[in-house]
Every structure is written in C-alpha cells, then in structure tokens.
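Enquirer: this is the structure alone, sequence omitted:
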C-alpha cells in the first residue's frame, strides 16, 4: 500500500461514526476516527507508534474491505501544493507524527458512537433502571433527566466534583452514567479512568458528552473505556438511541428522529 496515498471516510464510514451504534473493534474504531481525508497512510501510522506496521496495515485493510474508507479525491493543484509542503515540513518521521497530532487536535469533530453491550440485566419486580447525569449546566442536565425518566430511569444529577463523589458513593450502583468531558473542578477523562478502576462501578456503561470535540479527545475517551461518545449539539432521540444501545434496551418502535429538537449548549471543550 503506497505510503503517500490519502484516504477518506466513505458514506458507510461516516454512518459508522454517526449512527449511534458501532460493531467495530477498538483497533478499527481508533483508526477510523483518525481518517480525515488530509493525512497520508504514512502520516497516520507515524502518529500511532505503539501499533506495529503489520497490525496497522491489517486493520487498515479490514476497513477498506468493509468499504468504510476509500482513496480521497483531491484537487490536482491542492495536491501539488501539499506535496511541496510535505517536502519542507514532513521530511522526517517525527514531523509526520507532529502533523498527525495537529490533525487530531483540530476542533469541531462530530461523532455519535455507542457500543452494543448485548441484552440488559433482568430487573426485579418493582425495580427501575438508574442513571447518573454528570453535567454542570443545570438546564441541559434537567432536559436529559426528563428524557431518561420517560425511558424508565430513576435519574440522579451531579454538577461538580463533590456531587460526583457523593453520587458514586451511594450504595445503589447505576445502570448508566452520562459524563460531561469538562466540569468546573474536574476532568471527565480522569473520572472515567477512576470509574474503570472502581471495583463496584467498573462495568457501568458510560457515555461521554462534549460540546466541542477533537479526534484526539474521542480516541482518548474510547481508550479510557467509554461505551459511547456524543458531541453536542445532538438530537434528543439520538442520545436516547445511544442509551438504549449501551444499556441493552429494546429500541422504541414509536421513536422518531425529528430534526427540530436539538440539545444545544455553549461549546465547553
């Protein structure tokens, strides 16, 4: 596979990242998130030094086989200009890795990912599902709470570090945690890592929420153990679809995907 060829997501690849459900392996998902139609095969590999070339190529080929990516169609003039820049700035592997990191850090990335966990647990008579919404924006938290309540969840809210600790110490283990990336006095990724190390909470499904994402942040969240990652603004039903996916609830046949109802907040990441 030529190292200087550029690949982009196909419509199937876009749907895989924005369709709320993914069947890809962690390695496939990690690589698919990095494909941006700008970086070459070599540049992407240089940004993943921990992955062997054989494993990288195998994963890349699997995405090609599933038609999730294809060679990017570039403008000849733009392509020539890019080659000239590459000769100046990307003559060494280190420079190519830096280019890959810069691409990952670009903001405005949009994903809606949720991993299937299989069938949900069986509830005891009279028992309801529970969820914790961790977000410092009261209006948004209440809005999400209302939708989760309609889905049958008992919802608890936390907006800062002290409230998060208090909720996680409560004896009832939640069935779901919706976790904002940025809180006023805490980091969502740090909270996620601590959850995955907690003996009682390590298996609780977690969906990360953020207002302004980068590929780097999405990869970090998934690598830390997130079951889903959704960027704002998002449609309420899209969020509920992700919730049903990670918790293992059946899809509501009456659910719609109306485009006139959006949860839109200020950018926070």
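Expert: Received it, and whenever you're ready, just let me know what you need. Computed from a predicted structure; not experimentally measured.

Enquirer: contacts only, for residue 18.
Expert: 110, 111, 112 (Cβ atoms under 8 Å, 6 or more residues apart in numbering). Using the backbone N, CA and C atoms, a C-beta is placed for each residue, glycine as well.

Enquirer: how far away is it from residue 55?
Expert: 26 Å (Cβ to Cβ, to the nearest Å).

Enquirer: and residue 49, by the same measure?
Expert: Counting by Cβ to Cβ - residue 49 and residue 55 are separated by 12 Å.

Enquirer: now the contacts of residue 18 as a markdown table including neighbour count, secondary structure and distance to residue 178?
Expert: Listed next are the contacts of residue 18 as a markdown table, based on neighbours: other Cβ atoms under 10 Å; DSSP: H, G, I helix; E, B strand; the rest coil; distance: Cβ to Cβ, whole Å:
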| residue | neighbour count | secondary structure | distance to residue 178 |
| --- | --- | --- | --- |
| 110 | 14 | coil | 18 |
| 111 | 24 | coil | 15 |
| 112 | 20 | strand | 14 |
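
Enquirer: give me the below-cutoff pLDDT ranges for this protein.
Expert: 1-2, 20, 74-100, 118-119, 212, 251-269 (pLDDT under 70).

Enquirer: can I assume residue 130 is in contact with residue 172?
Expert: Yes: Residue 130 is within contact range of residue 172, at 5.9 Å (criterion: Cβ atoms under 8 Å).

Enquirer: any figure for the gap between residue 26 and residue 107?
Expert: 24 Å.

Enquirer: could you pull out the helices for the stretch 101-250 of the chain?
Expert: Assigned by DSSP state H, counting those that start in this stretch, the stretch 101-250 of the chain shows helices spanning 138-150, 161-169, 188-197, 215-223, 236-247.

Enquirer: and of these, who's closest to residue 72?
Expert: Among the helices of the stretch 101-250 of the chain, the nearest to residue 72 by Cβ to Cβ is helix 215-223 (16.1 Å).

Enquirer: residues in contact with that closest one?
Expert: 26, 29-30, 33-34, 36, 101, 103-106, 109, 111, 113, 181, 188-189, 192, 208, 210, 229, 269.

Enquirer: show me the residues you listed that map onto strands.
Expert: 109, 113, 208, 210, 229 (DSSP state E).

Enquirer: and those residues, which is closest to residue 176?
Expert: residue 208 (12.3 Å).

Enquirer: that closest one: neighbouring residues, count only.
Expert: Other residues lying near residue 208 total 29 when counted by other Cβ atoms under 10 Å.

Enquirer: ok, so what distance separates it from residue 148?
Expert: 16 Å.

Enquirer: spatially nearest residue to residue 138, not counting backbone neighbours?
Expert: residue 159 (7.0 Å; Cβ to Cβ, 6 or more residues apart in numbering).

Enquirer: is it true that the one you found touches residue 141?
Expert: Yes: the criterion here is Cβ under 8 Å, and residue 159 meets it with residue 141 at 6.7 Å.

Enquirer: spit out the residues that contact these two alike.
Expert: With Cβ under 8 Å, 6+ apart as the test, residue 159 and residue 141 both reach residue 135.

Enquirer: and residue 70, how far is that from residue 25?
Expert: 20 Å.

Enquirer: actually residue 229, sorry about that
Expert: 16 Å.

Enquirer: ok, residue 44 next?
Expert: Taken as Cβ to Cβ, the span from residue 44 to residue 25 is 17 Å.
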